[in-house]
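>>> Sharing a model prediction with you, sequence too.
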Amino acid sequence: MNHYIQIDHQICGGKPVICGTRIMVKNILGMVAGGYTIDQIIEAYPELTRDKVQGTLEYAAEIIDEEQVIANA
């Protein structure tokens, strides 16, 4: 598991968050999808570092790579 990501059922209902925060991985992915740069994400969340944001994106890529996707017929 990525050392920047924490999953704890007592934090955000067990959703993956960035360690030491309550910032969910999905929030960062939503920002990237909305066109935010890493610098803009750090500006919005000053407690994050470039390494934490990059680690979050790498975690998401790893999870997607492990998932089995079934195409709609």
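It's in.

>>> and Glu47, what is it in contact with?
If you count contacts by C-beta atoms under 8 Å, 6 or more residues apart in numbering, Glu47 has them with Gly20, Thr21, Ile23. In short, each C-beta sits where N, CA and C put it, glycine included.

>>> now with 7 Å?
Glu47 makes contact with Thr21, according to C-beta atoms under 7 Å, 6 or more residues apart in numbering.

>>> Who's the closest spatial neighbour of Ile7, skipping the chain neighbours?
Pro16 (5.2 Å; C-beta to C-beta, 6 or more residues apart in numbering).

>>> Tell me both backbone torsions, phi and psi, for the residue positioned nearest the centre of the chain.
Centroid-nearest residue in the chain, with C-alpha atoms, centre = their mean: Val25, separated by 2.4 Å. Note on Val25: its backbone torsions stand at phi -50, psi -40 [degrees, to the nearest 10].

>>> Quick check: it touching Leu57?
No - counting by C-beta atoms under 7 Å, Leu57 is not a contact partner of Val25; they are 8.9 Å apart.

>>> What's the local residue count around Glu43?
Under the neighbour criterion other C-beta atoms under 10 Å, Glu43 is assigned a count of 11.
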